[in-house]
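Asker: give me a 3D structure for the following:
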Amino acid sequence: MEHISQKTKRNILLGVCAAAAVAAVILAVHGVTGIMAGGTDTTEGVEYIKKEEAGDIADIESKIARLEKAAEEEKEPDTRSVKEKFAGSVVMGDSVAQGLAEFDVLSSSSVTAQIGANLNGIGDQISAAAGISPKSVFLSFGPNDVINCGGDPEAFAEMYEKTLIRLREEMPDANVFVNSVFPVQDSVIGDHPELQDIEACNEALKNLCVSRDIGFIDNTALVKDEYYEGDGLHFKASFYPVWAEHMAEVAAL
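Answerer: Numbering: from 1, shown residues only. Sure, this is the predicted structure:
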């Protein structure tokens, strides 16, 4: 016997639900007609219709829920490694992003990040990424640029926009995703007060991405104190798989 797909079953059930509703309406109309034609007491009949209709719909909704759950359970788990997910993608960024390759979370061919990199001097990274012809490009810049623009959200967004324009010119077919600037610990803000404006800069960056139809990846909720190195800026190896998986999930890699 030919197998009926879950989607087909659901459509059948929805059809049954619609038919039941139509039948209820027809019966209700007949009931009203009877009332208008004579003095027949239809109270019990109407109540019966209401109960049957409610019962049918509740039963159908329950069956649909079970089918959806079964369909979800039938999905094969994604067993690919994070390196495999990022095959054909490139992460550009600064020393924080460089940790993806340094801790062997991503292949070195998937990372063009450099220590001390900032948005005004990443020509080499863009050229290297363009040479790979990636399907997706992930940008992760931040603290250095927030400091360079004095913590001004508008200046920061303008700086980022110039990079996005150049990136689009060099790689017009790539899907571009921008990572939010990671928060830093208070000890770092003591040395660089401009970094207290990271949240405002992220909001400006998010708005920029929306205006240019570019994916924005908010990483703020991922960061925990336990992930920070002693300098309050960089991250331990344990953080990088969490971040990489989050990027892959948002980008549907």
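Asker: look up how far residue 154 lies from residue 99.
Answerer: 29 Å (Cβ to Cβ, to the nearest Å). (C-beta placed from N, C-alpha, C; glycine too.)
Asker: those two: who's more crowded?
Answerer: residue 99 (22 against 11; other Cβ atoms under 10 Å).
Asker: in a strand, that's where that one is, yeah?
Answerer: No - counting by DSSP: H, G, I helix; E, B strand; the rest coil, residue 99 falls outside a strand, being helix.
Asker: got a list of what the closest residue to it other than its chain neighbours touches?
Answerer: Leaving aside its chain neighbours, residue 99 sits nearest to residue 240 (5.6 Å; criterion: Cβ to Cβ, 6 or more residues apart in numbering). Listed by Cβ atoms under 8 Å, 6 or more residues apart in numbering, the contact set of residue 240 reads 99, 100, 103, 105.
Asker: what's the local residue count around the second one?
Answerer: Looking back up the chat, that one is residue 100. The burial count for residue 100: 26, using other Cβ under 10 Å.
Asker: I'd say it and residue 244 touch.
Answerer: Yes - counting by Cβ atoms under 8 Å, residue 100 touches residue 244, with 6.3 Å between them.
Asker: is residue 178 located within a helix, as I assumed?
Answerer: No - counting by three-state DSSP, one finds residue 178 to be strand, located in no helix.
Asker: in the sheet, who's paired with it?
Answerer: residue 139, residue 216 (DSSP bridges).
Asker: ok, it - contacts?
Answerer: 138, 139, 160, 164, 205, 209, 214, 215, 216, 217.
Asker: how about the strands in the stretch 1-150 of the chain?
Answerer: 89-93, 136-140 (DSSP state E, counting those that start in this stretch).
Asker: who are the packing partners of the first one?
Answerer: It stands for strand 89-93. Here strand 89-93 touches helix 123-132, strand 136-140, going by 3 or more Cβ pairs under 8 Å, 6 or more residues apart in numbering; DSSP states H and E.
Asker: what's it in contact with?
Answerer: Against strand 89-93 from outside (Cβ under 8 Å, 6+ apart): 97, 100, 106, 110-113, 117, 122, 125-126, 129, 132, 134-141, 179, 247, 251, 253.
Asker: pLDDT wise, what is the spatially closest residue to residue 106 that is not a sequence neighbour at?
Answerer: Spatial nearest neighbour of residue 106, chain neighbours left out: residue 100 (4.5 Å); criterion: Cβ to Cβ, 6+ apart. At residue 100, the predicted lDDT confidence score is 98.
Asker: my guess is residue 200 contacts residue 155, does it?
Answerer: No - with contact defined as Cβ under 8 Å, residue 200 does not count as touching residue 155 (11.3 Å).
Asker: mind listing the shared neighbours of those two?
Answerer: Counting by Cβ under 8 Å, 6+ apart, nothing touches both residue 200 and residue 155.
Asker: all good on my end, thank you.
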